[in-house]
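Asks: kindly generate the corresponding structure for this input.
(chains A, B and C)
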Amino acid sequence: MGRPPCCEKAHTNKGAWTKEEDQRLISYIKANGEGCWRSLPKAAGLLRCGKSCRLRWINYLRPDLKRGNFTEEEDELIIKLHGLLGNKWSLIAGRLPGRTDNEIKNYWNTHIKRKLISCGIDPQTHRPLVGEKQQIGIRATGFTTYDNELNLDLSISLPYVQPQPASPSIQAKITSSTLSMAATTTTTTTTTTTSATTYGQSVCLCCHLGLQTSEACKCNAIQSQSVLRYYATLDSM
DNA sequence: AAAAGATACAACCGCCTAAAA
DNA sequence: GTTTTAGGCGGTTGTATCTTT
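Replies: A predicted model of the protein is given here:
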């Protein structure tokens, strides 16, 4: 009973992929597209399990991968998204075209973590490390600055759509979205920054977390800054 | 120049959920 | 309804490469 396994574990290769294996995988997916990883290894003539093929393709072979160093903008966006989402690497990767969750996770652990710690910021909580407050700037809003390099100002927003007369059905759709984040990055915010009034009543992350009384709550000061912001409608709470 | 230590990242592991048998 | 696996995810490890001593 149950599904048969996709491969015999004893007869699958492990470890680093060879160029030949890569080539087989690429050719197969080019010809047949991504699909059933379960049947792919056999069909492509690979002695690998489907899971391994999927990982190799997604993290390394996909043609739309960016590779190369992360830009300052990407750094900043990762930090902001991490502050909002935590270790949800796949969600973070979804906001960085051409980057994979694995790549971002590695980058976070090897670069950004250290960068934050050196700034006196706890990489998990995004709050000042104990006894480090004097080393960093604390803005009047209550948000921390990273030696004036990074802005962790966070709020939640719905994806931007062209403003148009809202029909009742559209309004219903909009308000039913749950904590959907704006598809805006620091590289695209110049044209897609969403104001708090785009979809009616929205609240910032602080409100969402029940921290309305916090100094960090800036619901009333969200009008026109071209930084990444997130909003969620009250209906979605 | 060699050894030791630090860093970067590809790949694996284990867990969870949904789907197939 | 139950069992088993695929697919997806985050955490961790192994190892090649780089830097420091």
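Asks: what helix or strand is the closest residue to residue A:17 other than its chain neighbours located in?
Replies: Nearest-residue entry for residue A:17: residue A:56, 5.6 Å, with adjacent residues in sequence omitted and distances by Cβ to Cβ, 6 or more residues apart in numbering. Where you see a C-beta, it was placed from the backbone N, CA and C, and this is true even at glycine. Element membership for residue A:56 (DSSP states H and E) is helix A:50-56.
Asks: who's in contact with that helix?
Replies: Outside helix A:50-56, the residues within contact range by Cβ atoms under 8 Å, 6 or more residues apart in numbering are A:6-7, A:12, A:14, A:17, A:21-22, A:25, A:36-41, A:44, A:46, A:48, A:102.
Asks: report the buried members of these.
Replies: Restricting the contacts of helix A:50-56 to buried positions leaves A:6-7, A:12, A:17, A:21, A:25, A:37-38, A:40-41, A:44, A:46, A:48, with burial counted as 16 or more other Cβ atoms under 10 Å.
Asks: near DNA strand B, which residues of chain A?
Replies: By the criterion of Cβ under 7 Å from any atom of the strand, the positions of chain A lying close to DNA strand B are A:1-4, A:13-17, A:51-52, A:55-56, A:59-60, A:102-103, A:105-107, A:109-111.
Asks: out of those residues, which end up buried?
Replies: Burial by neighbour count, 16+ other Cβ under 10 Å: within the residues of chain A next to DNA strand B this picks out A:17, A:52, A:55-56, A:103, A:107.
Asks: C-terminal to the helix holding residue A:56, which secondary structure element comes first?
Replies: Downstream of helix A:50-56, the first helix or strand assigned by DSSP H and E is helix A:72-85.
Asks: please parse chain A into its domains.
Replies: Segmentation of chain A into domains, based on automatic domain parsing, reads A:9-61, A:72-135, A:168-236.
Asks: burial count for the residue lying closest to residue A:105 once chain neighbours are set aside?
Replies: The shortest distance from residue A:105 to any residue that is not its chain neighbour, by Cβ to Cβ, 6+ apart, is 4.6 Å, and that residue is residue A:89. Residue A:89 has 21 neighbours, counted by other Cβ atoms under 10 Å.
Asks: quick one, phi/psi of residue A:89?
Replies: phi -60, psi -30 (degrees, to the nearest 10).
Asks: look up how far DNA strand B lies from it.
Replies: Per Cβ to the nearest atom of the strand, to the nearest Å, residue A:89 is found 10 Å from DNA strand B.
Asks: distance of that residue from residue A:46?
Replies: Here the distance between residue A:89 and residue A:46 works out to 26 Å (Cβ to Cβ, to the nearest Å).
Asks: now residue A:12
Replies: When Cβ to Cβ is the yardstick, residue A:12 and residue A:46 sit 9 Å from each other.
Asks: residues touching residue A:85, list them.
Replies: Under the criterion of Cβ under 8 Å, 6+ apart, the contact list for residue A:85 reads A:91-92.
Asks: ok so, going back, how about the helix holding residue A:56, does it reach DNA strand C?
Replies: Yes. Under the criterion of Cβ under 7 Å from any atom of the strand, helix A:50-56 makes contact with DNA strand C via A:50-51, A:54-55.
Asks: any weak-confidence spans in chain A?
Replies: Applying pLDDT under 70 to chain A picks out residues A:1-11, A:130-237.
Asks: end-to-end on stretch A:50-70?
Replies: Taking Cα to Cα, to the nearest Å, stretch A:50-70 runs 30 Å from one end to the other.
Asks: then stretch A:64-75?
Replies: When the termini of stretch A:64-75 are compared using Cα to Cα, they are 20 Å apart.
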